[in-house]
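**Q** Mind looking at a prediction? Sequence and model below.
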Amino acid sequence: MVKIFSVALLGLVAASANAAPIRLNRRIAQVIAEATATWEQACLAAGGAERCNPLSVAAMSTLLLAGGPCDQQNAADNFMDLSKELNSNQMIVLSQIFAQQPRNSPNSVAIPYCQQAPRNSELNGLFQCQFAGSNQNTFVNNVALGGEGTIPFGRTEPVSPLGSCPIHPDGPVPDGQQLTNIVQIPDAPIQGGDAGGAAPAPAPEQAREPQPEAAPAPAPAPQEGGGGFVLDNGRAAQALNAEFAGLTKGSSCTVGQTACVEGEFAQCPPGADGNNVFVTTPCNGLTCAALPLVNSPGTSITCTTLDDARARIAATGATGGLTGSE
């Protein structure tokens with residue numbers, strides 16, 4: 001739809017010509033805001049209004065190192081609850097994809113799988129992929145493959161191929177990549193398996209080949225012709241961030257407007273007697289910023305880090321940092 005949360009570079013080195021290779025144990029991370037941005041956009045389009053962003057921010061944090069084994073699934077259940085309430089098929093599919101997004105790895109090892117069934121049957125049989133740079137035979141806390149938490153709930157054998165998941169059945173995901181960027185998003189909900197059985201892989205036409213690993217700053221360089229909007233997007237994001245810097249929680253607003261106010265995500269609901277003021281949602285350790293879109297003209301407003309926001313704007317060719325005047 002990663003902060004600097006930059007993607008760690010991983011590889012194998014040999015101590016000598018005859019020695020076994022040693023894996024470089026480095027953190028593998030991602031831009032967590034991208035993992036929920038597409039769902040949040042679909043939620044807003046479906047009429048979820050101020051209910052969308054708090055769920056989005058809470059869900060993205062479950063991909064961080066501190067997240068528990070079932071936190072991501074619980075967040076996907078929360079997504080699914082609202083998706084079904086709003087009767088949005090697109091939100092349901094994106095909730096299923098979020099449940100399968102890889103989580104950050106603390107030292108290039110695999111992340112344990114949740115060992116309980118989800119609340120929503122649409123999530124049965126779904127589990128997260130692993131990032132390709134992780135050692136797929138060793139999980140967090142040096143638990144060897146076959147040990148507790150190394151096999152998804154309801155299965156009796158390790159995932160094959162190691163690191164794969166139902167929406168990406170060919171293997172693990174390139175480091176730092178988002179599933180919403182590298183798979184064909186189905187029109188219909190993904191058919192997972194029963195809670196006690198294996199989830200079938202999607203039909204071949206539902207999955208694309210994995211793309212090459214992305215550079216730490218995923219936004220493309222400025223382009224000519226049809227891609228000329230990239231630079232415009234960067235400058236538009238700067239203009240918005242400069243505008244947001246002057247807003248306070250008492251600022252008047254237009255109903256339906258979204259913004260960043262004092263570092264928090266803000267929306268403008270109808271106020272009493274037409275006195276509309278922003279209602280804010282904390283970014284839980286992150287900050288709110290306008291970011292340039294990558295694949296189409298425009299901007300998005302989301303919770304991220306200042307370093308990530310500056311890097312994304314700079315990648316468009318716009319100078320002057322977050323606001324154009326730094």
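**A** Arrived safely, thanks for sending.

**Q** How about the most centrally placed residue in the chain: what's its closest non-neighbour residue?
**A** Taking Cα atoms, centre = their mean, the centroid of the chain lies closest to Ala35, which sits 1.3 Å from it. With sequence-adjacent residues excluded and distances taken as Cβ to Cβ, 6 or more residues apart in numbering, Ala35 is closest to Gln101, at 5.0 Å. (C-beta placed from N, C-alpha, C; glycine too.)

**Q** Am I right that that neighbour is in contact with Leu126?
**A** No: taking contact to mean Cβ atoms under 8 Å, the distance of 10.6 Å between Gln101 and Leu126 leaves them out of contact.

**Q** picking up where we left off before, give me every residue that touches the residue nearest to Ala35.
**A** Taking Cβ atoms under 8 Å, 6 or more residues apart in numbering as the criterion, Gln101 is in contact with Ala35, Leu63, Gln72, Gln128, Cys129, Gln178, Leu179.

**Q** got it, and Glu326?
**A** For Glu326, the residues meeting the contact criterion (Cβ under 8 Å, 6+ apart) are Arg310, Gly320.

**Q** Can you tell me how far it is from Ala245?
**A** In this structure, Glu326 lies at 11 Å from Ala245, with Cβ to Cβ, to the nearest Å as the measure.

**Q** so how many other residues sit close to Leu145?
**A** Here the count is done by other Cβ atoms under 10 Å, and Leu145 has 15 residues near it.

**Q** What of Ser121?
**A** Ser121 has 12 nearby residues by other Cβ under 10 Å.

**Q** Same question for Leu44.
**A** Counted with other Cβ under 10 Å, the burial measure for Leu44 works out to 18 neighbours.

**Q** Now do the helices in the stretch 151-300 of the chain.
**A** Residue ranges of the helices in the stretch 151-300 of the chain, as given by DSSP state H, counting those that start in this stretch, are 179-182, 229-244.

**Q** about what we covered before: so the residue nearest to the centre of the chain versus Gly154, what's the distance?
**A** Taking Cβ to Cβ as the measure, Ala35 and Gly154 are separated by 24 Å.

**Q** Equivalent analysis for Ala75, please.
**A** 20 Å.

**Q** quick revisit: taking the contacts of Gln101 together, which two end up most distant?
**A** The largest distance within these, taken as Cβ to Cβ, falls between Gln72 and Gln178 and amounts to 13.8 Å.

**Q** tell me the contacts of the residue nearest to the centre of the chain?
**A** By Cβ under 8 Å, 6+ apart, Ala35 lies in contact with Ala59, Met60, Leu63, Phe98, Gln101, Gln178, Thr180.

**Q** can you list the weak-confidence ranges in the protein?
**A** Applying pLDDT under 70 to the predicted model, the residue ranges of the chain that meet it are 1-25, 192-227.
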